[in-house]
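[1] Quick check, what structure comes out for this input:
(chains A and B)
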Amino acid sequence: MKKVLILLFPVLLLTGCEDFLDRPPLTQMNDITYWTTENNVRVFANGFYSNYFVGYNNTWGVAYAPLRGYLFADDFASTGKQLSFETQAPESRQGTSESIDMLPTYAGPTWNFAWVRKANIFLDRIEKMKGTYLDEEAYNHWSAVARFFRGYEYSRLVSVFGDVPYFGHDVGDDELDELYKDRDDRTTVMNQVYEDFKYVLENMRLSDGDAQYLNRYIAAGFISRFMLFEGTWQKYHLGDNTHASKFLELAVEAGDLVIESGKWSFGSAFRTLFGSESLAGHPEVLMYRAYDAGLGVTHHIASYSNRNETQPTAANLDLARSFICADGQPYKLSGLPNADKEDIQTMAATRDSRFEATFWDEPQIPAATLLYATKFIDREGVTYQGTTPPPRYGSNTNTNDAPIMRLAEVVLNWIEAKAELATLGGPAVTQADLDASVNAIRSRPLDDVASDKGLVQTAPLDLGAIPDDPDRDGDVLPLLWEIRRERRMEFVFEHSRLLDIKRWKKLEYMDGDLNPDILRGPWVDFPAEKAAGRIDWLVEAKEGILKVEKENGTIVTYDGDNAADMVGYYIPENISNRDPVLDRMYLAPIGNSQISAYIDKGYTLTQTTGW
Amino acid sequence: MKKFLRWPLWIVGLLLLIHFEGVGQSTVITGRVVAASDNAPLPGVTVAVRGDNRGTVTDVDGKYSITAQPSDVLVFSFIGMETQEITVGNQSTVDVALAESSQSLQEIVVVGYGEQKKTNLTGAVSSVDTKVLESRPIADAARGLQGTTPGLNIVIPSGEIGSDPLIRIRGQFGSISGGASPLILLDNVEIPSLQLVNPDDIESISVLKDAASASIYGAKAAFGVILITTKKGAHTEGVKVTYSGNASFQNISKKMEMAGVDGMEYVVNAFERVGSTAVGALGWYVTRDSWERAVEWQEKWGDKVKATDPMVFGRDWYVDENNRKTGVRVYDPYEFMIREWAPTQTHNLAISGLSGKTNYNIGLGFLDQTSIVKPAKKDDFQRYNGSVQIGTEVNKWLKVNAGTLYSKRIKSFPFANPNFTTDPWLYVYRWGPTFPWGSEDGHPLRSPAFEMANANTATMQHNYASLNGGLLVTPVKNWTIKFDFTHANQDYLYELPGTRFTAKNTWATFASEKYDENGQRVYVDETGAVVAAGAPGAIPAYEFELIDYTGSPGAGPDHISRSASNAQWNTINLHTTYDLSLDDVHNFKFMAGMNRVGYRTAFHQATITALSDITNPQFRLATGTQTVDGNEYWDAQLGFFGRINYNFNEKYLLEANLRYDGTSKFPKHLWWRWFPSFSAGWRVSQEPWMDWASSTLDEFKIRASWGSIGDQSVPNSLYIPTMSGGFNSWLLGGSKLYQFGTPVAVSSSVTWQDITTLDIGADIRLFNGALGASFDWFRRDTENMIVPQEGIPPTYGTGAPRSNFGSLRTKGFEIQLDYSHSFDNGLQLNFVATFADAVTKITKYGTTKSIDSWYVGKTYGEIWGYETDRLYQAGDFVYEDGELVQVQSEDGFTVNQLADPNAATQGYLQSGNFYFGPGDVKFKDLNGDGVINPGNRLIDDHGDLKVIGNSTPRYEYGFRTGASFKGFDLNVFLQGVGKREIWGSGFLAIPGFNIYDGAMPQAIAGDFWREDRTDAFYPRPYDMGGANTGLNMQVQSRYLLNMAYLRFKNITLGYTIPGAVTERIDLNKVRFYVSLENFFTFDKLGGLPIDPEEVPGYSLFHESNYGLGRTGVGVPTFKSASVGVQLSF
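    Numbers count the residues shown, from 1 in each chain, chains lettered A, B, ... in the order given. Next up is the predicted model:
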């Protein structure tokens, strides 16, 4: 009996085996049970923010961040040979993870459809929730949010690759013919994007609680950006004026929504847009990205404006020259005293106040061209030269907030779209249009530092007296030239310049043979710099290296005896032009191995034209 | 296990004694028989007179007495020992020390839920000779097992003390998803790490390699089992105490030769090639001028300035006209980072005994190991072990046992960086030679050594405790029922106390102007001495600013973080065995049982920033942001199993196993699976027709096995479209946004992976047990392998869903040879050699032909690359006015024109401003099409690529030899890998990896192509910009790293004091030894400071991407020299 009892004891322990194996994951949600509340929908939407509203990125990240991620355009020069476009198709160019990869020479994403999938899944689940978990108003809003992100992604992909395969729904792993389809024509794709954006402008909430949540105004700002891009691309590259007008009209419609709301104004100085610790309530900012050291969310963009960090790629003479003088005239036409002088100190005093707000007003050794950008830091952060600044100005511990969408972009997209539409049979631009855009920007108040230096607001652009800039590209009408100039001054180091010259079909601006000003710095008087104790380059080590160019184009090289002659446009060390700029460089090639993978499966993926 | 046998045999011996009683005359010879290995008395040894039938056996003290004549020869024999014969002569006392025979036919091997005579084994089971763990300065059993057993593959991926080696059985690779780690069982209970076992507590180790022997353990045993049994107590009445102690001293095992001025020369060559004039990181620039001045510095100051002398402005560095910091003094990180001969001590004490019907074993162990990291305040590893096992016979049919095992492991290390993908070790190998170490003006300079020295000490503490209890019921003879329950609990505490550092900021991109106390600018001359402003050669001085900063690279605020996790295992084993013998020829053994394991673990982690007192980091003394996290996980397995063994007259052997296994890893309808296995053996030597060979052939057995096991080493979320939650980095309303991510693409049909093994083996033993050989050939198929669905293009937008789409097959073999011999003069020699190899090939994976995918027929680990021809020389090109001429190549690239119009062009491999020229790498045009390219990277279109190597270790071997003579013993143990290649990554392997950072091995810096060194091994310098492949560094045969090696794992010389002496001080045994561990290594890495066992990117801290995945950047591996003592009484 005892034996039986002892043997029974373990058997008793073993009852209930079936439940014993029932151990599903404890700490993950899943797709089957997730989609039951609007809050869950919102939490899913949160996953798009860091990718699309990048601002100053995070820690050391440079993708899509101003100053560090956008250094490839006709605005910049470096020492040595200029960064070139790629010369041949890469081995591989793909991604399937939701990372914020950026191709710096195309200012856009790599061959990655992860975000398309995410948006399509989002839209599909919202459709399924309609009527049960989402009422109509909520459904309209969230489906607009999903379609906004899908439109955003395709706009970016098209800007990089041109034709891309369009997927309007979440494609299953068994739909191989669909997954392996060749590229769709860009116009077809952008017509789909257009439909998404129209839906967004009709259905997204005007306010979704916190002003920082995506709403119709913020979306409209981006829609004006992407529709302007595609409209002008259609006009300048494809000559398709019908589609050009269609997209440009949507850009205007989106701009109208923001401008007519009257919610935003140019009520604060330019530098406050970039250097402020908080952009909450800033009158010009529709959306911003906040940073907080306490929460461990910081960036390093201000550090690269702190006058200690080097700027090995820096603003060139061509960019400096494009700044209009305070009297509203290009420097060659300006009546201001010294308007023709192109040393940094004088330009800072005579040009549009954004010059002074964008650059340090004296030559700085850490900048390759000596023209040092201080746009993305506040007025205090630049005072720590030669010492270690507090964390918010150094390393990757910066906490100034980043504007994501601001009124200036909306109005400049809007006025350019209007001006382009005028060339396509649309109504002419009016003075009121200019006053609501270019002139509104020029009416920004100046901060005390600028005022103390004697700077003034730049004179408005008068439709009746558009300047006829002698440097104007002959292909461009004077009004458009001035609108493009305003864009260039406003957005230095931000996302737009490379994409702008691409859509205008003006990539040749990046060729130093055609546009030698891009390989020069501003005018520098080295003996005077030495006397002022700023830069002493009249030393033995600089013999044969230090060069300036005189106004007549002669180049003077320092030889140890000609110190007094070292006055002229600064030639960055060893500078040389980039590889030839070719037509195919407007669009990115895809990877050879992606093409091979399609061949492997009996499908075709067409390489980008010219590659 | 041999000792295990002594006790019953002693009884047998007594019976023999009775049998022989009453015979004999002449003188009485007395003596004592001990084991040569430990001087322990051997009871039960048969002592016989040769050619006579007189004999006796030794008593519990090993003593005997026998009557014999001077001409008689006494034969001392004992199972498991070498037989010894001694002529009596005129001795009246004959003491004998018997050596263990290296192999014995009677050896008992522990197998799954039972034991088996080695001769009756039918599966592929290796029993490890636990002697290899003795007298070695090793921290854990796994390190000791390396190279001992063919097919047991152990890799020590870095010199990080307290880390677990990587253990695999039969090949590195089991499946693409899931693991390939063997199941490690301690007394039939799974343990999380071999580290927690005190090597001294181990009684036996068996390695179950094929499915037939492992399948009884079910799904977790898919990739083999390491079966460890612990010492349970003595088998002879009395108490035995043993102590062993070891003091060892560790040093770096391979020279760490980083480049000095030659590295600067490389950098200058690289940037001048593309028209630059300076490069640098963190504001430390290299220019042509600084390199030339560094060479001068070497001549002038090289032997005057000591490595650790303070840095002096004007002499050691200067600021150039572009405000660039430029160093001219080169530093050697070795001087700052490596502590030579760091001490380690181990102490083990064991008490075992038998008292009446109760036996017990008490083990205590202590290990204190110090790392070779010189600057650290504390970088060490301690382990405390305690175990108690006790068993007693309650009555004739019931035995009960209980025990406990405790292990505390504490690893302490400097917490210098919150992020282990970039810790100070990465920077040791990253920043160039002029990057300063040491101090300036009495203040430390920011450097990896400084940060290690001033970091607070982080600790990882594992506390493992298990309690077990069981009973053994013997209802009738030959029927046993065994029940065990074990509860194991592991707490893991991980504390990371951050700090703020105060040092001169060498990382600043600028230098500060130096002023004296009166506010006057300081001027110095070229020796660094302060001079008047107007003095000849006076230059204005700079210095570094003294700053406070937090963990490099500047992102980690000072904080304290602590995580605590708890894991619990409840294991029940119940099995019953019945032995049945019919007519003494039909022998059956039936076994049935069940096994149930429940596992649950949870952790939470808390962090707070802004420490109020950096010397005492505490949660209550910090004022910043608090963050918490936590997780919980569980799984369970349940299995029912049975086994039948049958042998006919111990000649024909059969075994069949069946297990019905359930796992919580799959959806409910897939919980349960059946797994069968079979094996058979034929002892050919037992056949009557083999009698002719019986004088030399002791044993010859052929065996074969087949078995199938399901593998469930996959995540339990594979079939569920999970959405991971977490805070992202976008702030709204003053807090981070929480997000649930995109659902993972899943396949709803996912099920078990099936592992099927076929094994054919043979064992042979010759010359009275002296020579033995064992051979196994196996084929392991992983079927229904869970892999990403093949052929899903990137347009799918995520990784392809994983399901059972693939199969792979591993084939290999294992050989073990042993030989031992005792000479008449007492010299004993033994040798053991092992050799193993395994190759894995993909047998099913869709239709892909891509060489980058798992195409069918692909060998796991294969490396595709170009075959290097040589370096281009100046004469290969066409010049015009001394300049290279550029032309358009046949395939449309701008290339430098080749002198030979028929030579293949390499335009496809170019990019940016790189054009192949003199000193660059020339590849072979394998397909003869005149251009070098990879085709479409398909197996039928791969251009000039071919398979140039394989990253899997091949031809693993071990060789042990031992000799003993008159108390001295010498053991030498070699271990190696015959073939393994990897394509390296990072600064230590790729020349020109990143010239901005600047560091490189001297092996590269002293042997790159220059116009005056055209026979160099490495190509003309170029900046790879942080890429591991491309341009000159296409994956290719010439620069593939050859990771083959031969290592002297251990050399031990010991001396055992004669028993006659030790007995006088009441000791059974005293042995002293000196031991060298890992002391010599031979590799083919050409002086690169990379350990050949290294697994790039793998560390205790980060199992992937450690040190950004760069080859060789972790804590260096070490060797050690030690002295030790073993005592027993």
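
[2] how about the residues of the stretch 201-350 of chain B that lie near chain A?
    Residues of the stretch 201-350 of chain B lying close to chain A by CB under 8 Å from any CB of the partner chain are B:274, B:275, B:276, B:277, B:289, B:320, B:321, B:322, B:323. C-beta coordinates here come from the backbone N, C-alpha and C atoms, glycine included.

[3] any idea where the strands of the stretch 151-300 of chain A begin and end?
    A:285-289 (DSSP state E, counting those that start in this stretch).

[4] what does the model give residue B:175 for pLDDT?
    On the pLDDT scale, residue B:175 is placed at 66.

[5] Hmm, residue B:731 and residue A:290 touching each other?
    Yes. Here residue A:290 reaches residue B:731: they are 4.1 Å apart, a contact under CB atoms under 8 Å.

[6] picking up where we left off before, filter the residues of the stretch 201-350 of chain B next to chain A down to the ones in helices?
    Mapping these onto helices (DSSP state H) picks out residue B:289.

[7] Helix, strand, or coil at the residue nearest to residue B:993 when sequence neighbours are not counted?
    Among residues not flanking residue B:993 along the chain, residue B:987 sits closest, at 4.7 Å (CB to CB, 6 or more residues apart in numbering or on different chains). What DSSP: H, G, I helix; E, B strand; the rest coil gives for residue B:987 is coil.

[8] And for residue A:128?
    helix.

[9] who touches it in this structure?
    Residues counted as contacts of residue A:128 (CB atoms under 8 Å, 6 or more residues apart in numbering or on different chains) are residue A:35.

[10] list residues touching both of residue A:290 and residue B:731?
    Common neighbours of residue A:290 and residue B:731 (CB under 8 Å, 6+ apart) are residue A:297.

[11] Point out where the stretch 251-400 of chain B drops to low pLDDT.
    Within the stretch 251-400 of chain B, no stretch has pLDDT under 70.

[12] all helices for it, in order.
    Taking DSSP state H, counting those that start in this stretch, the helices of the stretch 251-400 of chain B run over residues B:261-273, B:288-301, B:333-337.

[13] again, but for chain B
    For chain B, the helices defined by DSSP H cover B:2-20, B:141-145, B:211-214, B:261-273, B:288-301, B:333-337, B:424-428, B:448-454, B:1002-1005, B:1059-1064.

[14] Of all those, which one is nearest residue A:579?
    helix B:261-273 (16.4 Å; CB to CB).

[15] what angle separates that closest one from helix B:288-301?
    Helix B:261-273 runs at 160 degrees relative to helix B:288-301, counting by axes from the mean of the first three to the mean of the last three CA atoms, to 10 degrees.

[16] gap between the two ends of stretch B:51-70?
    End-to-end distance for stretch B:51-70, by CA to CA, to the nearest Å: 14 Å.

[17] and residue B:473, how far is that from residue B:592?
    Going from residue B:473 to residue B:592 by CB to CB, to the nearest Å gives 14 Å.

[18] neighbours of the residue in the stretch 651-800 of chain B that chain A sits nearest to, just the number please.
    Residue of the stretch 651-800 of chain B nearest chain A, by CB to the nearest CB: residue B:797 (2.8 Å). When neighbours are defined as other CB atoms under 10 Å in any protein chain shown, residue B:797 has 27 of them.
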